[in-house]
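[1] Need coordinates for the below:
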Amino acid sequence: MKRESFGSRLGFLLVSAGCAIGIGNVWRFPYVAGQNGGSVFVLFYLLFLLIMGVPVLTMELAVGRASRKSAVLAYRTLEKPGNKWHIHGWFCIAGCCLLMMYYTTVSGWMLGYFIKFASGTFNGLDADGISGVFGSMLANPTEMGIWMLITVAAGFLVCQFGLQNGLERITKWMMSILLVLILVLAVHSLMLPGAKNGLSFYLLPDFSRAAQVGFKNVITAAMNQAFFTLSLGIAAMEIFGSYMSDRHTLTGEAVRICGLDTFVAIMSGLIIFPACFSFHVQPDAGPQLIFVTLPNVFVNMAGGRIWGTLFFLFMTFASFSTVIAVFENLMASAIDNFGWNRKKAAIVNFFFVLISSIPCVLGYNLWSHLHIIGGRDVLDSEDFLVSNLLLPLGSLIYLLFCVSKWGWGYDNYLAETNKGEGLHLPHNKAIKFYFQFILPVLILVILIQGLL
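    Sure thing, here's the model as predicted:
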């Protein structure tokens, strides 16, 4: 069966960026920036994105493009006879499953809040009332289950139409609307009274503020965020490498994907920080920033119902673009490994993801007593395994596979990365040394810190 491919370069870039752009950019990035002194964190984040994110992204894409296969068969195609690198491919599939076991629930929250703002649920509520909306949603397994079900069903419905007719077509529309929404919301935030205080907190470097948090903490947080924002290490990006053409170099495409991903993260800060400072709200409110703090801001804003609706529509698209990208990986893996057709892959994976997402839905109500890893609830335990273990460990394995003589080999990786026109990775000893000896240590630091 002939392998599918993207209909256009724009389709590849938007789908790949859509996979990277998600809750991490819009939810995690602003509050982590807020907790770590704002602007200095942003500077370190951009630095680590360039020296860590881009290289590892080229490696996942290279493995995909050179093999034209999903995770397990990609390793089998490129590894030397008798090697066992392909075992990691199964862990990649497990990582994508585990990610979707909680991501579908959080994506459902975004959809639920979009509907709530559009229908006027928040009209006239005070701070306690707004906090109560989130609390009552978490306490209601039926409501959360419905939003999750809609997310899962819509995701596999899109994917079963195929790469070009489903994923690529829908993502182009969603990402285009997302980018327009983020510009409109950012311009509106910048016009609020007192917005310039939020802007200076966010964009003007203040090393004294970073010193209060501790430079080590700021650098560590920036390294983590730069790394996790791209969803590297579980073959979520590798699959799109397998669908792309040889016309453009992977370094150039990786820089473009990172650029789009970073644009959305930075613009999210431009929406959130001016709004927080304008309404005297703490910008370091943590995970509740999106669901409790920001609704308070919108309710007190002129035309708040409209701005809240637009914001959560943007959040829904940002999270759903990741959902359908990872669903495509799960389906491609089933098609490649088990010989299923696309329809069967969609149906089987739909029921698997739906059933395996139920524990996360119940983890805030009927199973709220359940604490799995280090006292964490269901969602946080699943997120810990993905974010702190599978992503960094998987990225380290991709890296070692591409740069060591025991794997695919640095020369093969470099040749694949530089195939086509565009930005080339220089063939010099300094970069090779950095990839083989420095970058693995940096990823190992992230892995150890995450587990500790």
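[2] give me the number of residues near Phe433?
    11 (other C-beta atoms under 10 Å). In this view, the C-beta of every residue, glycine as well, is placed from N, C-alpha and C.
[3] And for Asp128?
    As a burial measure, Asp128 scores 8 neighbours (other C-beta under 10 Å).
[4] so which strand or helix has it?
    helix 127-139 (DSSP states H and E).
[5] So which bits of that helix are buried?
    By neighbour count with 16 or more other C-beta atoms under 10 Å, helix 127-139 contains the buried residues 130-131, 133-134, 137-138.
[6] got it, and stretch 202-212?
    For stretch 202-212, burial by neighbour count (16+ other C-beta under 10 Å) applies to 202, 209-210.
[7] Tell me the one among those residues nearest to Ala346.
    Of all the buried residues of stretch 202-212, Ala346 sits closest to Tyr202, with 41.7 Å by C-beta to C-beta.
[8] so what's the closest residue to the closest one other than its chain neighbours up against?
    Among residues not flanking Tyr202 along the chain, Phe273 sits closest, at 4.4 Å (C-beta to C-beta, 6 or more residues apart in numbering). Phe273 makes contacts with 30, 34, 38, 189, 198-199, 201-202, 283, as judged by C-beta atoms under 8 Å, 6 or more residues apart in numbering.
[9] Any figure for the gap between Phe273 and Leu260?
    Counting by C-beta to C-beta, to the nearest Å, the gap from Phe273 to Leu260 is 21 Å.
[10] likewise Trp367?
    Taking C-beta to C-beta as the measure, Trp367 falls 38 Å from Leu260.
[11] between these two, which one's more packed in?
    Each of Trp367 and Leu260 had its neighbours counted (other C-beta under 10 Å), and the higher figure belongs to Leu260 (19 against 16).
[12] Chain neighbours aside, what residue packs nearest to the more buried one?
    Take Leu260 and drop its neighbours on the chain: the residue closest to it by C-beta to C-beta, 6+ apart is Ala17, 3.9 Å away.
[13] what's the pLDDT at the one you found?
    Listed pLDDT for Ala17 reads 87.
[14] isn't there a helix covering it?
    Yes: assigned with DSSP: H, G, I helix; E, B strand; the rest coil, Ala17 falls within a helix.
[15] Correct me if wrong: it contacts Met175.
    Yes: when contacts are counted by C-beta atoms under 8 Å, Ala17 is listed as touching Met175 (7.0 Å).
[16] Looking at those two, which has the bigger crowd around it?
    Using other C-beta under 10 Å, the more surrounded residue of Ala17 and Met175 is Ala17, with 26 against 22.
[17] For Lys196, see how far away the more buried one is.
    Per C-beta to C-beta, Ala17 is found 30 Å from Lys196.
[18] Quick one: residues contacting the closest residue to Gln160 other than its chain neighbours.
    Nearest residue to Gln160 in three dimensions, chain neighbours excluded: Ala346, at 3.7 Å (C-beta to C-beta, 6+ apart). The contact partners of Ala346, taken as C-beta under 8 Å, 6+ apart, are 156-157, 159-160, 331.
[19] End to end on stretch 430-450, go ahead and measure it.
    End-to-end distance for stretch 430-450: 29 Å, by C-alpha to C-alpha, to the nearest Å.
[20] Same check on stretch 241-261?
    End-to-end distance for stretch 241-261, by C-alpha to C-alpha: 17 Å.
[21] What are the buried residues along it?
    Buried, per 16+ other C-beta under 10 Å, within stretch 241-261: 241-244, 248-258, 260-261.
[22] I'd like the distance from that stretch to the chain centre, please.
    A distance of 17 Å separates the centroid of the chain from that of stretch 241-261, by C-alpha atoms, centre = their mean, to the nearest Å.
[23] again, but for stretch 176-196
    Using C-alpha atoms, centre = their mean, the offset of stretch 176-196 from its chain centre is 22 Å.
[24] just the angle between the helix or strand where Ile150 lies and helix 127-139, please?
    Counting by DSSP H and E, the element that carries Ile150 is helix 141-159. Angle, helix 141-159 to helix 127-139, by axes from the mean of the first three to the mean of the last three C-alpha atoms, to 10 degrees: 70 degrees.
[25] mean confidence for helix 141-159?
    Helix 141-159 comes out at a mean pLDDT of 97.
[26] which residues are in contact with it?
    Residues outside helix 141-159 that contact it (C-beta under 8 Å, 6+ apart): 104-105, 107-109, 111-112, 137-138, 166-167, 170, 320, 323-324, 327-328, 331, 342, 346-347, 349-350, 353-354, 357-358, 360-362, 364-366.
[27] can we see that at 6 Å?
    104-105, 107-108, 111-112, 137, 166-167, 170, 323-324, 327-328, 331, 346, 350, 353-354, 357, 361-362, 365-366 (C-beta atoms under 6 Å, 6 or more residues apart in numbering).
[28] related to what we said a few turns ago, tell me which of the contacts of Phe273 is nearest to Gly64?
    Lowest distance from Gly64 to those (C-beta to C-beta) belongs to Pro30, with 31.0 Å.
[29] The closest residue to that closest one other than its chain neighbours - how many residues pack around it?
    When the adjacent residues along the chain are set aside, Pro30 lies closest to Ile272, with 4.5 Å between them (C-beta to C-beta, 6+ apart). If you count neighbours by other C-beta under 10 Å, Ile272 ends up with 31.
[30] Ile272 is in what secondary structure piece?
    Using DSSP H and E, Ile272 falls within helix 250-278.
[31] Could I get the average pLDDT for that helix?
    89.
[32] same deal with stretch 439-450?
    Throughout stretch 439-450, pLDDT has a mean value of 91.
[33] Any buried residues in that stretch, and which?
    Buried residues in stretch 439-450, counted by 16+ other C-beta under 10 Å: 439-440, 442-443, 446-447, 450.
[34] what residues does stretch 363-370 touch?
    138-139, 141, 377-379.
[35] Let's see that with 10 Å instead.
    102, 105, 135, 137-144, 358-362, 371-372, 376-382 (C-beta atoms under 10 Å, 6 or more residues apart in numbering).
[36] cool, stretch 208-220 as well?
    In contact with stretch 208-220 (C-beta under 10 Å, 6+ apart) are residues 33, 35-41, 43-45, 47-48, 201, 206-207, 221, 284, 445-446, 449.
[37] Show the end-to-end separation of it, please.
    OK, stretch 208-220 end separation, C-alpha to C-alpha: 17 Å.
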